[in-house]
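Enquirer: test case, fold it:
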Amino acid sequence: MKNTLMAICSLLTIFLMVNCGSSGGSDSTTVDSTSTTGETTGTDTGTSTDTGTTTDTGTSTDTGTTTSSKATYTDVFAIIQSNCLNCHNKPATQGALISLTTHTEISFFASSIVSRINLSSSSGSFMPKNGSKLSTTNIAAIEEWIAEGKLDN
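Expert: A predicted model of the protein is given here:
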């Protein structure tokens, strides 16, 4: 029952994000209705161009995650904790619409997280908002964890 309620709340959050224009850009987020995980996918339809140059406006912590060949939830949570929980905590603050404090929440929004951290920092949907782009090591760790099934390990 708790998981069902969390899924409903998450879907409502996505609906509000899409229909209320909270991203400030023309980011469209869709839910795959055939997915049993409720995973979201995002598509940035903005006109941002990544020139390969990033202006550092804050701090991004490289947690030096994976020393083995497999990323774990522990690795991913350390990255989220260092770069996302200033806004995406319980309750979400500073305009954030979702919390990313549990395995369930992070798993549910994993595709959207990867989509947004890979955007150009000039995109209105880029995350972390008002922060620096995550290191390639951290992005790769999150992507690897997703590819390996988003295990709670």
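
Enquirer: now the helices for the chain?
Expert: Using DSSP state H, the helices of the chain run over residues 2-20, 73-83, 103-108, 110-117, 136-147.

Enquirer: where among those helices is average confidence lowest?
Expert: Among these, helix 2-20 has the lowest mean pLDDT, at a mean of 50.

Enquirer: and the nearest residue to residue 148 once chain neighbours are set aside, how far is that from residue 134?
Expert: Leaving out its chain neighbours, the residue that sits closest to residue 148 by Cβ to Cβ, 6 or more residues apart in numbering is residue 70, at 6.1 Å. Where C-beta positions appear, they are placed from N, C-alpha and C, glycine not excepted. From residue 70 over to residue 134 the distance is 19 Å, taken as Cβ to Cβ, to the nearest Å.

Enquirer: between the two, who's got more neighbours?
Expert: residue 134 (23 against 13; other Cβ atoms under 10 Å).

Enquirer: isn't that one right next to residue 76, touching?
Expert: No - Residue 134 is beyond contact range of residue 76, at 11.4 Å (criterion: Cβ atoms under 8 Å).

Enquirer: now stretch 78-91: buried residues?
Expert: Judged by neighbour count using 16 or more other Cβ atoms under 10 Å, the buried positions of stretch 78-91 are 78-80, 82-88.

Enquirer: and stretch 115-124, by the same measure?
Expert: By 16+ other Cβ under 10 Å, the buried positions in stretch 115-124 come out as 115-121, 123-124.
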